[in-house]
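Q: Have a look at this prediction, sequence included:
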Amino acid sequence: MMKILIVGSGGREHAIAAAVAKSPRADKIYCAPGNAGIGQIAECVPIGAMEFDKLVAFAKEKAIDLTIVGMDDPLVGGLVDEMEAAGLRVFGPRKNAAILEGSKAFSKDLMKKYNIPTAAYENFDDPQKALAYLETAKMPVVLKADGLALGKGVLICETLEEAKEGVRTIMEDKKFGAAGNRMVIEEFMTGREVSVLSFVDGRTIKIMSSAQDHKRALDGDQGLNTGGMGTFSPSPFYTDEVDAFCHKYIYQATVDAMAAEGRPFKGVIFFGLMLTEDGPKVLEYNARFGDPEAQVVLPRMKNDMIDVVEACIDGNLDRMELSFEDNAAVCVILASEGYPVSYEKGFAIEGLENFENKEGYYCFHAGTSLNNDTIVTNGGRVLGVTAKGVTLKEARANAYAATDWIHFDNKYMRHDIGKAIDEV
Ligand code: AMP
Ligand code: GLY
């Protein structure tokens, strides 16, 4: 029986905690810092995800058997290295491998060096050179701040003027902070996007069921980019042919490239793919589960989460088969009106009890907290309502029906999550 610590506080960490809680091997689950929903299945400890010394001390004091790091910042900052140095068992990439997400310039150079299909690009650390390059670039063009920027460091520019302004915003005004010390300028691609999450043990990679995210705030993919307003899994666009191509040219190639660079990757690689006319290409890598992708993928996974995570740590993933339920899941994010710009917090949330003991329905907490004994809204993305169904269409109907079970002031959601599926 094991004591497990999960690091993070969003819907993704709630989904991870729920998967761990299903394992008969889990004895006690802690989450740092967690949230009100996670607190119903784990003990939340008030330590921030970037407080490495405190996390290490806590894990030692409680004799934690396994730590799972959910978030990108602590991974890129080297939490895994610090925990390993203290003799702790921890799931996630070390700092030198998390750079796959932490630096877009690094990941682009890696793909170029190892012939992994991606958009054509150039890296810049001098704004003058970037501006000069734009004069010759074909519009639209995509600008990316090199470092972590909460998913907001990507600008798609239609005109030369816009692009120049974008370079200044990223590299001179430092809108995304130090993330903009370097930047990538890349070719604009068109096609459908698919998210593929995978488990990796340094050598072997096993793919999870595909998913798709809806990043824009408003129906019809309008409005500002957000952390994600909903997801569905699997993606009907992720066909056997796409899967075969990605296995051949992208997945193992990425893992082998990292090993060859002396940066073996253990943990979760999230492939953001675009299915272009010239075949699938990598938009980006993340070094962790997607949020909200984890909320539709993990509930469908049949394997014991702890077994899989340990196989990654111990390097025996080759002996394991991942299996997923032959169904579908849809997650609709219930957000606070005004997200992602400005919104009010602190409203009581009603109806959470409707999800208790409802097979195939989940209410993952993202931005919630406890105010006396009441669970209140505490963020832009508040809850992720997930439901399964035999088909995507049924899962979508179930998920939207379940959004009615929850009430809070300023509740906002998109109404077309998973709707693209009606086209196929
Ligand atoms: P990223 O953080 O790199 O995934 O970029 C965020 C979003 O920007 C992606 O999900 C795409 O919708 C879009 N995007 C990024 N790179 C490109 C590209 N080269 N062409 C078109 N869209 C892109
Ligand atoms: N849903 C996209 C991400 O987790 O980065």
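A: Ah, there it is. Residues are numbered from 1 along each chain as shown. Ligands and ions are numbered 1, 2, ... in the order given.
Q: Flag the shaky bits of this protein, pLDDT-wise.
A: 420-424 (pLDDT under 70).
Q: what does it have sitting close to ligand 1?
A: Residues of the chain lying close to ligand 1 (C-beta under 6 Å from any ligand atom) are 119, 142, 144, 151, 154, 156, 186-189, 193, 215, 272, 283-284. From N, CA and C alone the C-beta is placed, and that goes for glycine too.
Q: repeat that for 8 Å
A: Within the chain, the residues that sit near ligand 1 (C-beta under 8 Å from any ligand atom) are 104, 119, 140, 142, 144, 151, 153-154, 156, 186-190, 193, 213, 215, 225, 272, 274, 283-284.
Q: Go through those and flag which are in helices.
A: Lys104 (DSSP state H).
Q: filter the residues of the chain next to ligand 1 to the buried ones?
A: Buried members of these, counted by 16 or more other C-beta atoms under 10 Å: 104, 119, 142, 144, 151, 153-154, 186, 189, 193, 213, 215, 272, 274, 283-284.
Q: ok, of those residues, which one's closest to Leu392?
A: Leu392 lies nearest to Asp213 out of those, by C-beta to C-beta, at 14.5 Å.
Q: how near is that closest one to Gly228?
A: The gap separating Asp213 from Gly228 is 5 Å, by C-beta to C-beta, to the nearest Å.
Q: ok, now Asp291?
A: When Asp291 is compared with Gly228 (using C-beta to C-beta), they lie 6 Å apart.
Q: ok, the two, which is more surrounded?
A: Asp291 (29 against 25; other C-beta atoms under 10 Å).
Q: I'd say the more buried one and Ser9 touch.
A: No: Asp291 lies out of contact with Ser9 (C-beta atoms under 8 Å); the separation is 10.7 Å.
Q: In which helix or strand does the residue nearest to Gln212 when sequence neighbours are not counted reside?
A: Nearest residue to Gln212, sequence neighbours excluded (C-beta to C-beta, 6 or more residues apart in numbering): Ser235, at 4.5 Å. Counting by DSSP states H and E, no helix or strand carries Ser235.
Q: Correct me if wrong: Asp201 contacts Cys312.
A: Yes: if you go by C-beta under 8 Å, Asp201 and Cys312 touch, sitting 4.5 Å apart.
Q: Now the common contact residues for these two.
A: The contact sets of Asp201 and Cys312 overlap at Lys266 (C-beta atoms under 8 Å, 6 or more residues apart in numbering).
Q: related to what we said a few turns ago, among the residues of the chain next to ligand 1, which lie within strands?
A: Secondary structure from DSSP state E places 142, 144, 154, 156, 186-187, 193, 213, 225, 272, 274, 283-284 of those in strands.
Q: okay, these in JSON lines with distance to ligand 2 next?
A: Converted to JSON lines, these look like this (distance: C-beta to the nearest ligand atom, whole Å):
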{"residue": "Val142", "distance to ligand 2": "16"}
{"residue": "Lys144", "distance to ligand 2": "13"}
{"residue": "Val154", "distance to ligand 2": "11"}
{"residue": "Ile156", "distance to ligand 2": "16"}
{"residue": "Glu186", "distance to ligand 2": "18"}
{"residue": "Glu187", "distance to ligand 2": "21"}
{"residue": "Glu193", "distance to ligand 2": "10"}
{"residue": "Asp213", "distance to ligand 2": "4"}
{"residue": "Asn225", "distance to ligand 2": "10"}
{"residue": "Gly272", "distance to ligand 2": "7"}
{"residue": "Met274", "distance to ligand 2": "14"}
{"residue": "Leu283", "distance to ligand 2": "11"}
{"residue": "Glu284", "distance to ligand 2": "8"}
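Q: Pick the one among the residues you listed closest to Ala19.
A: Nearest member of those to Ala19, counting by C-beta to C-beta, is Asp213, at 19.1 Å.
Q: if I pick that closest one, what's in contact with it?
A: Taking C-beta under 8 Å, 6+ apart, we find Asp213 in contact with 193, 195, 228, 230-231, 290, 292-293.
Q: Count residues in the vicinity of Ala401, would you?
A: Neighbours of Ala401 (other C-beta under 10 Å): 12.
Q: Can you pull the residues that touch both of Asp213 and Gly228?
A: Counting by C-beta under 8 Å, 6+ apart, the residues touching both Asp213 and Gly228 are 290, 292-293.
Q: who wins for neighbours among the residues you listed?
A: Across the shared contacts of Asp213 and Gly228, neighbour numbers were computed from other C-beta under 10 Å; Pro292 holds the maximum, 31 neighbours.
Q: Much appreciated, bye for now.
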